[in-house]
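**Student:** Here is my input; please provide its structure:
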Amino acid sequence: MNLNCLIDHTLLAPTATAADIRRLCDEARSHDLFAVCVNSAWVSLSAAALADCPVRVASVIGFPLGAQLTAAKADEARLALQAGAAELDMVIALGPLLSGDTAYVRGDIAAVVAAAKEQMAEAVVKVILETAALTGEQIACACKLARAAGADFVKTSTGFLDAKLALPGQTGGATVEAVELMRHTVGDTMGVKASGGISTRAQAEALVAAGATRLGTSRSLALL
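**Tutor:** As a prediction, the model looks like this:
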């Protein structure tokens, strides 16, 4: 299985330096990876470093909590695209989702999608669900809300969830079971990105077999 074209090479640590981001971009270029995924402050540097190659720049939005004002998320999305991003990985409004406020969650996603598409029609918006904190019913609900709001992908995890907030037995990262449920819910209408704790090639291949069409990992080189 050729994993290169599925990988978003990721560096979201708050301690990341400019040198670290340049190294990330160099690795993505050297290994023909699909994209780099960075915090919005590093988008312009990443875009400049990758300007002469097809590797895309993805920016996280509302990361890692998803608890920002909707308008702040929309503004960050717009600014990230202006800085050179082509894709946006936004964190869902997890608290409202858990409390059943589906109107808020859908509106939050829709605002980011609208801001993104107005700025760049071909922009790709992924919605991070934080599946380890959700029941199967809640995962399915979140997928349906993301689809209704016009998002392009649903994504498993930030990789930054406090273990104490995960449901019993959940690790906080991507699982085959979550990816299967997400794929079953959205069908062929959306992409599914598995992210969080992907550290081996066997794990990556199992997630792709379960329905993932993109992989987010900081361990890209080890997988390859």
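
**Student:** so which strand or helix has L88?
**Tutor:** Using DSSP states H and E, L88 falls within strand 87-91.

**Student:** so which helix or strand takes in the residue lying farthest from the centre of the chain?
**Tutor:** When each C-alpha in the chain is compared with the mean C-alpha position (CA atoms, centre = their mean), D52 comes out farthest, at 24.0 Å. Using DSSP H and E, D52 maps to neither a helix nor a strand.

**Student:** One more: T171?
**Tutor:** Remark: T171 resides in no helix or strand, with elements defined by DSSP H and E.

**Student:** and the longest helix for the chain?
**Tutor:** Longest helix in the chain by number of residues, with DSSP state H as the criterion: helix 102-119.

**Student:** relative orientation of that helix and strand 87-91 in degrees?
**Tutor:** If you take axes from the mean of the first three to the mean of the last three CA atoms, to 10 degrees, helix 102-119 sits at 160 degrees to strand 87-91.

**Student:** Now do the helix or strand just after helix 102-119: which elements does it pack against?
**Tutor:** Per DSSP H and E, the first helix or strand lying C-terminal to helix 102-119 is strand 124-128. Strand 124-128 is packed against strand 56-61, strand 87-91, helix 102-119, strand 153-155, strand 191-195, with contacts defined by 3 or more CB pairs under 8 Å, 6 or more residues apart in numbering; DSSP states H and E. The C-beta positions use only the backbone N, C-alpha and C, and glycine is treated the same way.

**Student:** State the three-state secondary structure for L24.
**Tutor:** On the three-state scheme (DSSP: H, G, I helix; E, B strand; the rest coil), L24 is labelled helix.

**Student:** How about it: what's its closest non-neighbour residue?
**Tutor:** Nearest non-adjacent residue to L24, counting by CB to CB, 6 or more residues apart in numbering: L11, 4.7 Å away.

**Student:** what residue is smack in the middle of the protein?
**Tutor:** Nearest to the geometric centre of the chain sits D89, at 3.9 Å (CA atoms, centre = their mean).
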